[in-house]
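Q: generate coordinates for the sequence data below:
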Amino acid sequence: MKKLNLISLGLSLLALASCSKKSDNAVVSTPLIQVGKPISNAGTLAAGSYKGTMLAGQTYTVGGDITINAGDTLLIQKGVTINMTNGANFIVNGDLISAGTKDAPITITDPSKSKKTGPSTAGGDDAYKGGWGGIYCSNTSKLVVIKWTHLDFGGAALKALPFPASAGLAAGNQYILFFENPTGVFILEDSWLYGSPDDATRFYGGYLNIMRNTMEKCGGVGGDGFNAKGSSAGNMAYNLIIGGATNGTKTASDGTTAGPCQFSIYNNTYVNDGFRNTGVYGARSGSVEIENNSRALVYNNLIVDCNFGVRIAGGPGGAKVYLADTTLNASALFPKTSYGYNYYYADNTAIANQFVPTSVAQAVVTHPQATDIPNMAAFLGATYTFGKVYDGSSLVGKNNPMFVNYTLPATADFWVTQASVDSYNFHLQAGSPAAGKGTTSATLVKPITANIPVDPTFGSSEITLPGADMGCYQLNGNGNHH
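A: The predicted structure is shown next:
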């Protein structure tokens, strides 16, 4: 257990002015946790090794890679702003704690770039070009916790390999988050990822809780949002993912012999995903992709104007072996890939034709589900063969989820270029047809819960159970708090 020094921020009891016999009212400020010594913000932080604490409310400028050595911890207190220059990265061989709060989030950004509202294209928006680098965590990194943190304009290309990676990392990669310790813990909660030229994240191992985040404009002409590979296992839940180039969430057991990638993917909201990918149409998804020996439970997701629905890839001509809902392994964390209770809305026929993805460029094994909205099992009928092309034109414009502020039906091709939240509000209105249609089975999170520590600072704040309302926002106030 780490030895933590507590900084008192003026713990005091404020006595009443009069000598009243009434109970005194105590005003107590909560002390902030500090690890090691404070890090000064007096000048630009040059490339080098760092440990200790970046202090609350201060602004730091970083001019070169910040390295956290194995066994060391860097803690960032609430309200810190970190201006990253020269494409700098965090190289994490030890532990990193970014402890923002709802009232005082942390911001890590490239100060030379600014956010753009409205229509967005890969060639005309700084979001897709990469500014600062990323947070690259080696297989000696045991714990990374990122809470209430803005990660803006990441993805500058790695100039050199920062550590001997076990898989999936090379000079030139452009990720915001990378983690590969198969026994480590990675927690990303209540945070924002804005802009990346490629995959926003790559996870090649570890136990992960990816929960209640907002992701905008990730991937230029390709790239996934939350991309889990290797033997990583965990939850991806209550995230809002808008305007991603390809998949919003993806699992694939690439780069490991330690076992399959296994995730529970539930109560996410996907909007306008899958349209900037310039690769072969049908070889990638636009919301959820399960492929290459990975397993997943996929439930309660709200998928609006995305290129494809939940896609269980079948593989091209047997070149890869995929575990879909046809394979059972009782000893696995997730014995069987399963999915259902997902909600779809489309503004054109091409999108509706892929609520149940078809074998356009690659074989798929996604079965239509009677619990989905619309009921695709009934729509396609008992004789439907998975992967077969169908006519979904009669589904266009049906089942409007009734967002608080986002006009549906959308104008022509609006879903292709609107890639950020801006002033829109993707909460559900009371009376939404997406309300109360999900499953609340705790079995969706049970497989991974024991491996995720719960702690206000050094763990998950809360592993939010599945909610009855489709998507990341719940009418009872649970779920995503953005």
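
Q: contacts and neighbour counts: CA atoms only from here.
A: Noted.

Q: can you map out the helices along this structure?
A: 349-352, 376-380, 414-417, 446-449 (DSSP state H).

Q: for this protein, what helix or strand is lowest in average pLDDT?
A: Least confident helix or strand, the chain: strand 5-7 with a mean of 37, by mean pLDDT, DSSP states H and E.

Q: wait, which of the helices of the chain is closest to Ser49?
A: helix 446-449 (33.3 Å; Cα to Cα).

Q: could you redo the helices of the chain as CSV and give each row distance to Thr73?
A: Listed next are those as CSV, based on distance: least, Cα to Cα, whole Å:
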stretch, distance to Thr73
helix 349-352, 46
helix 376-380, 50
helix 414-417, 41
helix 446-449, 24
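
Q: hey, which of those is tucked in deepest?
A: Sort these by mean neighbour count, taking mean count of other Cα atoms under 10 Å, and helix 349-352 sits at the top with a mean of 21.

Q: what residues does that helix touch?
A: Asp305, Cys306, Asn307, Phe308, Tyr345, Ala346, Asp391, Gly392, Ser393, Leu395, Val396 (Cα atoms under 8 Å, 6 or more residues apart in numbering).

Q: can you lay out those as CSV showing neighbour count?
A: CSV is the format used below for the contacts of helix 349-352 (neighbours: other Cα atoms under 10 Å):
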residue, neighbour count
Asp305, 30
Cys306, 33
Asn307, 29
Phe308, 30
Tyr345, 26
Ala346, 29
Asp391, 12
Gly392, 20
Ser393, 15
Leu395, 20
Val396, 18
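
Q: how about these in CSV, adding pLDDT and distance to Gly436?
A: Formatted as CSV, the contacts of helix 349-352 follow (pLDDT from 0 to 100; distance: Cα to Cα, whole Å):
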residue, pLDDT, distance to Gly436
Asp305, 98, 21
Cys306, 98, 22
Asn307, 97, 25
Phe308, 98, 24
Tyr345, 98, 17
Ala346, 98, 20
Asp391, 98, 28
Gly392, 98, 25
Ser393, 98, 26
Leu395, 98, 21
Val396, 98, 22
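
Q: in contact with Asp254, which residues?
A: Tyr204, Lys229, Gly230, Asn292.

Q: count of neighbours near Leu328?
A: Residues lying near Leu328 (other Cα atoms under 10 Å) number 13.

Q: tell me if I'm right that it and Lys336 touch.
A: Yes - at 5.1 Å, Leu328 and Lys336 qualify as touching, with contact defined as Cα atoms under 8 Å.

Q: picking that back up, Asn181: which of the contacts of helix 349-352 is nearest?
A: For those, the nearest to Asn181 is Phe308 (31.4 Å; Cα to Cα).

Q: show me the contacts for the closest residue to Thr440 other than its chain neighbours.
A: The shortest distance from Thr440 to any non-neighbouring residue, by Cα to Cα, 6 or more residues apart in numbering, is to Pro466 (4.9 Å). Counting by Cα under 8 Å, 6+ apart, Pro466 touches Tyr266, Asn267, Asn300, Thr439, Thr440, Ser441, Ala442, Leu444, Val445.

Q: what is the burial count for the third one?
A: Here the number of neighbours of Asn300 (other Cα under 10 Å) works out to 31.

Q: backbone phi and psi for it, please?
A: Dihedral pair for Asn300: phi 60, psi 20, per degrees, to the nearest 10.

Q: and the pLDDT for it?
A: pLDDT, Asn300: 98.
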